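Colleague: Mind folding the following:
(one chain, ligands or ions: 1)
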Amino acid sequence: MHRTRTRFAARVHRVASGLERRGVIATYELHDRVLANRASRRLYGREAPRLDEVQQGIVERLREEGYALVPFSELLPDQGLWGELEADGERFRAETAAALELEQQGRDSALRRRPGKEFVVRKYAYGVELGLDDPWLRLGVNPRLLDLANAYLGLWSKLEYVDLWYTPPADASDRRSSQRWHRDFNDRHLLKAFLYLVDVDEETGPFEYVPRSAPGGDFDAFWPWRPLGDNYPPDDEFAARIDGKAVTFTAPKGTLIFCNTSGFHRGGFATGQPRVLATFTWDSPASLKALSERNYVLEDGAGLEGARRYALT
Ligand SMILES: O=C(O)CCC(=O)C(=O)O
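Modeller: As a prediction, this is how the structure comes out:
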């Protein structure tokens, strides 16, 4: 039932009549103000996490600017954990590079892509079954990340999305879809993380962001966020208004970027080297009720409790 409804929301975003759109928006607003999010705020209020200085600093920067950058090792100093993630990321990078070679020779590669955003190759895409033996799913609910996501959002969040992306250098000269400036329409209570798995310079398609452009920020009135909003402003008008306000995240491998992407952002327009990263989205239950769909199905939540269980179920 729930999957049906969220698929419906995705379709509505593309082709819906005004009436369908209004229904989806009303469902979202109702769940945000009254139903699902009220309950998740109450749960958060009952068991607010204790953050250490590093986590607290990230939450404060997110509140001020809408983004925060931290070396992975500062938030998660466990070398063993980084070693495991780095090795899995490298496996994905090497396998994807080899499969792209095959594709170029006109042979079958079984690479996972998503319609409308074919320039990104994904490890999981949509509909994958994941359990806690998966290191990336585990990272998405690691309390070092989940607690700060919940503190920033002020509720018990849902882990909506987890994946690894490989973005080869563009074969097109123009930016397409999320390579252009946009706001994510999924939720006003939104936090994403991007963990760079290679060094990212200007030619590797860095992520970019307009600080303070998320709802409540100084620039929230620029083509303001709306559920299912028309979220891609015209490029030339946008450039004139933003004029020098954007931040470009060129950074070494192992950099973790947290960002509220209901603010303006773009990225993945690689021109020189492929970009490889892991990405996570935490949002509110209202989003899953109306505007978004989890990209994975949880295999088995046995042993999970509290906010971690809530995030995955
Ligand atoms: O690939 C990027 O850097 C941008 C991704 C993006 O727009 C998103 O995840 O919402």
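Colleague: what's in contact with stretch 43-54?
Modeller: Applying Cβ atoms under 8 Å, 6 or more residues apart in numbering, the contact partners of stretch 43-54 are 59, 70, 74-75, 143, 147-148, 150-151, 154-156, 306-307, 310. To be clear about C-beta, it is placed using only N, CA and C from the backbone, and glycine gets the same treatment.
Colleague: In helices, which of those fall?
Modeller: In helices, judged by DSSP state H, the following of the contacts of stretch 43-54 are found: 59, 74-75, 143, 147-148, 150-151, 306-307, 310.
Colleague: just the buried members of these?
Modeller: 59, 75, 147-148, 150-151, 307, 310 (16 or more other Cβ atoms under 10 Å).
Colleague: What is the burial count for the residue of the chain found nearest the ligand?
Modeller: For the chain, the residue closest to the ligand is Gly267, as judged by Cβ to the nearest ligand atom, at 2.0 Å. Summarising burial for Gly267: neighbours were counted as other Cβ atoms under 10 Å, giving 25.
Colleague: Measure how far the strand or helix carrying Val121 is from the centre of its chain, please.
Modeller: Val121 is part of strand 117-122 when elements are defined by DSSP states H and E. Strand 117-122 sits 15 Å away from the centroid of its parent chain (Cα atoms, centre = their mean, to the nearest Å).
Colleague: what about stretch 55-70, near the ligand?
Modeller: No. Under the criterion of Cβ under 6 Å from any ligand atom, the ligand is not reached by stretch 55-70; the shortest gap measures 12.2 Å.
Colleague: Buried ones in that stretch, by neighbour count?
Modeller: In terms of neighbour count (16+ other Cβ under 10 Å), stretch 55-70 has its buried residues at 55, 57-59, 61-62, 65-70.
Colleague: Kindly report the same for stretch 85-95.
Modeller: The neighbour-count criterion (16+ other Cβ under 10 Å) identifies 85, 88-89, 92-93 as the buried residues of stretch 85-95.
Colleague: Close to the ligand as well: tell me which of the residues you listed qualify.
Modeller: Restricting these to those near the ligand by Cβ under 6 Å from any ligand atom leaves nothing, as none qualifies.
Colleague: Tabulate those (CSV), appending secondary structure and distance to Leu190.
Modeller: Conversion of the buried residues of stretch 85-95 to CSV gives the following (DSSP: H, G, I helix; E, B strand; the rest coil; distance: Cβ to Cβ, whole Å):
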residue, secondary structure, distance to Leu190
Leu85, helix, 23
Asp88, helix, 26
Gly89, helix, 24
Phe92, helix, 25
Arg93, helix, 27
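Colleague: Out of those residues, flag the one nearest to Val120.
Modeller: Here the nearest of the buried residues of stretch 85-95 to Val120, counting by Cβ to Cβ, is Phe92; it sits at 12.5 Å.
Colleague: ok, which residues in the chain are in contact with the ligand?
Modeller: Of all the residues in the chain, those lying near the ligand are 178, 184, 192, 207, 261, 265, 267-268, going by Cβ under 6 Å from any ligand atom.
Colleague: Now these in JSON lines, please, with extra columns for distance to Val120 and pLDDT.
Modeller: JSON lines is the format used below for the residues of the chain next to the ligand (distance: Cβ to Cβ, whole Å; pLDDT from 0 to 100):
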{"residue": "Ser178", "distance to Val120": "8", "pLDDT": "95"}
{"residue": "Asp184", "distance to Val120": "15", "pLDDT": "96"}
{"residue": "Lys192", "distance to Val120": "14", "pLDDT": "98"}
{"residue": "Phe207", "distance to Val120": "13", "pLDDT": "98"}
{"residue": "Thr261", "distance to Val120": "15", "pLDDT": "98"}
{"residue": "His265", "distance to Val120": "15", "pLDDT": "98"}
{"residue": "Gly267", "distance to Val120": "10", "pLDDT": "97"}
{"residue": "Gly268", "distance to Val120": "6", "pLDDT": "95"}
